[in-house]
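A.B. asks: no sequence for this one, just the structure:
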């Protein structure tokens, strides 16, 4: 994905929606991750959410589940995903409006070494609350090896691959480190691709 083409993004968004498994209740949670840092997962997360939110039958959230690093001051918050994992409660200060209709931001929140995505109970608490509040939750996650219980509790795992830098070997190594199979990744988006998907991602 070099230049975000609105039509292409809409088609990708619809294809993603079609991959979501049926749920008896609550919204869907989609994890966006990558084999290595800097592959464009935050960029893809934002594009998909902004494309799908206005037409969704309910609110959509972008959830920051990786450490914020140099987060802009306007999105810095003491409460957010970490608080949600700890308490299971999504307070008003943990939900921020955006400039897109029906789209909200749940920031990472204050880092706490006692709260981790490797704790299944905390991840479960967070997802229960997100699903009760949002029709779609796009979780901007860490790299594969650091996703922990998120990989096994979300409805769909989307892998972002930088076509310029990431080889099949890098992806296989990342899958091994995360202790998941290639089949556990439900979809992939090739970022900075000159053409279509390569054979190792299901292309021709």
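C.D. replies: The structure has been received and is ready for your questions. Remember, it's a predicted structure, so these values are computed and weren't measured experimentally. Numbers count the residues shown, from 1 in each chain.

A.B. asks: how about residue 32, secondary structure?
C.D. replies: Three-state assignment for residue 32 (DSSP: H, G, I helix; E, B strand; the rest coil): strand.

A.B. asks: any idea how far it is from residue 171?
C.D. replies: 15 Å (Cβ to Cβ, to the nearest Å). The way it works is simple: take the backbone N, C-alpha and C, and place the C-beta from them, glycine included.

A.B. asks: Between the two, tell me which one has more neighbours.
C.D. replies: Comparing residue 32 with residue 171 by other Cβ atoms under 10 Å, the one with more neighbours is residue 32, at 28 against 21.

A.B. asks: list the contacts for that one?
C.D. replies: 41, 44-45, 48, 138-141, 158, 160 (Cβ atoms under 8 Å, 6 or more residues apart in numbering).

A.B. asks: Which of those sits closest to residue 150?
C.D. replies: Distance to residue 150, by Cβ to Cβ, is smallest for residue 141 among the contacts of residue 32, at 5.8 Å.

A.B. asks: what stretches of the protein score poorly on pLDDT?
C.D. replies: The chain contains residues with pLDDT under 70 at 1-5, 67-77, 193-204.

A.B. asks: What ranges does it have for its strands?
C.D. replies: Assigned by DSSP state E, the strands in the chain fall at 28-34, 60-64, 96-97, 103-106, 136-140, 156-162, 187-191.

A.B. asks: Skipping its backbone neighbours, what lies nearest residue 166 in space?
C.D. replies: Nearest non-adjacent residue to residue 166, counting by Cβ to Cβ, 6 or more residues apart in numbering: residue 35, 5.7 Å away.

A.B. asks: same check, this time on residue 90
C.D. replies: residue 129 (4.9 Å).

A.B. asks: which stretch among the strands of the chain comes nearest residue 11?
C.D. replies: Residue 11 lies closest to strand 187-191 among the strands of the chain, at 11.9 Å (Cβ to Cβ).

A.B. asks: what about the closest residue to residue 124 other than its chain neighbours, how many neighbours?
C.D. replies: Spatial nearest neighbour of residue 124, excluding adjacent residues (Cβ to Cβ, 6+ apart): residue 153 at 6.2 Å. Close neighbours of residue 153, defined as other Cβ under 10 Å, add up to 16.

A.B. asks: start the count at 72, not 1, going forward
C.D. replies: Sure, I'll start numbering at 72, so the last one becomes residue 224.

A.B. asks: Quickly note the distance from residue 224 to residue 176.
C.D. replies: Counting by Cβ to Cβ, the gap between residue 224 and residue 176 amounts to 21 Å.

A.B. asks: And stretch 211-230, what's buried?
C.D. replies: For stretch 211-230, a neighbour-count test (16 or more other Cβ atoms under 10 Å) marks 211-222, 224-230 as buried.

A.B. asks: actually stretch 78-98, sorry about that
C.D. replies: The neighbour-count check on stretch 78-98 (16+ other Cβ under 10 Å) flags 80, 83-84, 87-88, 97-98 as buried.

A.B. asks: Between which two of those residues is the distance greatest?
C.D. replies: Farthest-apart pair in those is 80 and 97; separation 25.5 Å (Cβ to Cβ).
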